[in-house]
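1. One predicted model, sequence on top.
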Amino acid sequence: MIRGVGLAVPEKLLTNSDLEKIVDTTDEWIKTRTGMEVRHIAEEGRDTSDLAAEAVQRALDDAGMTVSDLDAIIVATVTGDMQFPSTACFVQDKLGAKQAAAFDIAAACSGFIYALSIANGLIASGQFRHIAVVGAEILSRITDYEDRATCVLFGDGAGAAIVAPADGSGRGILDTYLRSDGSLHELLYMPGGGTKYPASHKTVDEKYHYIKMEGREVFKYAVTAMGEAAEYILERNGLSGDDVALLIPHQANSRIIEATAKRVKIPPERVFVNIQKYGNTSAASIPIALAEAKQEGRLRPGDLVLLVAFGAGFTWGSALLRF
Ligand code: ACO
């Protein structure tokens, strides 16, 4: 079960009107095509692990637990501090979580659902009791602010959940569903920085260290895959949209969110949307939304919550929680 949630976002803001001054775009276009108004941007010197550690500390506070309770830290990110060691190790050090195992997973925007599924399995096997599952990204550092098709979309932030064994009350992670299709990787990727294209003058000149995306194609796949993942996990558990107290979808585009909700017949008042405040924060978007939903009183103990995400890879998936 999820015992506590927390979020951390940088203070600096990037508004649509700021973007109008950088690229050929308009506030109107961004709002109507994406639903976004503002993003948070990490200040120089602030690392992904800083945001992640803050989010974990807030989730621990929310759970009434301390760092010494943590057996493991899993960070879902595609913008880790370094290629290695893992960002989770930096978080472990910053928190002083001496006894905790630490590792990252990379599944882009689906990363939090993938990490939650792994944590659930590790707890069910009896290996660990308390795991901090974090989604943390500083996407502004891999965004090309000369490319209007991508730079309006992304923001920075982190969210965390403390996952613990079920307490016998029926609350807990009921099911998770994970999928992928690597044949479509060229629709959304960052070519540079890995072993295929190690840093060189060529990779820098050709902007290989920035996000490359075929937005229209990604949009089509995202609508289909998120709808399918939401529908499938409900059916597999003998449930329908009527049973869901809150749908928390990955915040990539308000039109994708609307299409997903429609497919499982969940009305807008039971869909959590905060894309206007943060843009797309990839793996951080669902845990930020979870923490905010709890803060706003939209998540009560015993509520059925449906999480659904889609991201680069492609990866996609869903999770059903009794909160
Ligand atoms: N401002 C103004 N015009 C723009 C902008 C902009 N920022 N960006 C693109 N346009 C133009 C295009 O050039 C195009 O012009 P044209 O018709 O003259 O060629 C027109 O707007 C329409 O472009 P489309 O790409 O078809 O616009 P679309 O309605 O598909 O919206 C968007 C683009 C917002 C990127 C959408 O496709 C989308 O959200 N796709 C999914 C993106 C996504 O979810 N990515 C993340 C996945 S998760 C992860 O792993 C990070």
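-> Looks like it arrived, so ask away. Predicted model only: the values in this text are computed from it and were never measured.
2. Give the residue farthest from the middle of this structure.
-> The centre of the chain is farthest from one residue, His201, which by Cα atoms, centre = their mean lies 32.0 Å away.
3. residues from the stretch 151-300 of the chain in reach of the ligand?
-> Within the stretch 151-300 of the chain, the positions near the ligand by Cβ under 6 Å from any ligand atom are Val152, Leu188, Met213, Gly215, Arg216, Val218, Phe219, Ala222, Ala252, Asn253, Asn280, Ser282. (Each C-beta comes from the backbone N, C-alpha and C, glycine too.)
4. what helices or strands is the longest helix along the chain leaning on?
-> Identified as the longest helix of the chain according to DSSP state H is helix 215-236. On a contact count with 3 or more Cβ pairs under 8 Å, 6 or more residues apart in numbering; DSSP states H and E, helix 215-236 meets strand 172-180, strand 246-249, helix 254-263, strand 304-311, strand 315-322.
5. Rounded mean pLDDT for that helix, please.
-> Averaging pLDDT along helix 215-236 gives 97.
6. And for it, what's in contact with it?
-> With contact meaning Cβ atoms under 8 Å, 6 or more residues apart in numbering, helix 215-236 is reached by 149-150, 175-177, 179, 184, 187-188, 240-241, 243-244, 247, 249-250, 252-253, 255-256, 259-260, 263-264, 306, 308-310, 314, 316-320.
7. Could you identify the buried members of those residues?
-> Neighbour-count burial (16 or more other Cβ atoms under 10 Å) is assigned, among the contacts of helix 215-236, to 150, 175-177, 179, 184, 187-188, 241, 244, 247, 249-250, 252-253, 256, 259-260, 263-264, 306, 308-310, 314, 316-320.
8. Contact partners for Gln282?
-> Gln isn't right for residue 282; it's Ser. Contacts of Ser282 (Cβ under 8 Å, 6+ apart): Thr77, Val78, Thr79, Ala108, Cys109, Gly111, Gly135, Glu137, Leu139, Phe154, Gly311.
9. So for the fifth one, what pLDDT did the model give?
-> Reading off the confidence values, Cys109 has pLDDT 98.
10. need the contact list for it.
-> His250, Ala252, Asn280, Ser282, Ala283, Ser285, Ala309, Phe310, Gly311, Ala312, Thr315.
11. Quick check: the gap between it and the ligand.
-> According to Cβ to the nearest ligand atom, to the nearest Å, Cys109 and the ligand sit 4 Å apart.
12. So for that residue, what's the nearest residue that isn't a sequence neighbour?
-> The shortest distance from Cys109 to any non-neighbouring residue, by Cβ to Cβ, 6 or more residues apart in numbering, is to Gly311 (2.8 Å).
13. What's opposite the one you found in the beta bridge?
-> Assessed by DSSP bridges, Gly311 has beta-bridge partners Thr315.
14. wait, isn't it in contact with Ser110?
-> Yes: Gly311 lies in contact with Ser110 (Cβ atoms under 8 Å); the separation is 4.5 Å.
15. low-scoring pLDDT stretches of the chain, where are they?
-> Along the chain, the model assigns pLDDT under 70 to no residue.
16. domain parsing for it?
-> The record's domain parsing of the chain by automatic domain parsing lists 2-163, 172-322.
17. Write out the residues of the stretch 1-150 of the chain neighbouring the ligand.
-> So far as Cβ under 6 Å from any ligand atom goes, the stretch 1-150 of the chain lies against the ligand at Thr25, Trp29, Arg33, Thr34, Ala108, Cys109, Arg148, Ala149.
18. name the element the third one belongs to?
-> The one in question is Arg33. Using DSSP states H and E, Arg33 falls within helix 27-34.
19. that older thread, give me the buried stretch members for the longest helix of the chain, please.
-> Residues of helix 215-236 classed as buried: 218-219, 221-223, 225-234 (neighbour count, 16+ other Cβ under 10 Å).
20. Quick one: residues contacting Arg300.
-> If you count contacts by Cβ under 8 Å, 6+ apart, Arg300 has them with Ala245, Phe323.
21. actually Gly6, not the one I typed
-> Residues near Gly6 by Cβ under 8 Å, 6+ apart: Glu54, Ala55, Val56, Gln57, Arg58, Ala59, Leu60, Asp61, Asp62, Gly159, Ala160, Ala291.
22. same thing but at 7 Å, please
-> Contacts for Gly6 (Cβ atoms under 7 Å, 6 or more residues apart in numbering) come out as Ala55, Val56, Gln57, Arg58, Ala59, Asp61, Asp62, Ala160, Ala291.
23. For burial, what's the neighbour tally of the last one?
-> The tally of other residues near Ala291 (other Cβ atoms under 10 Å) stands at 24.
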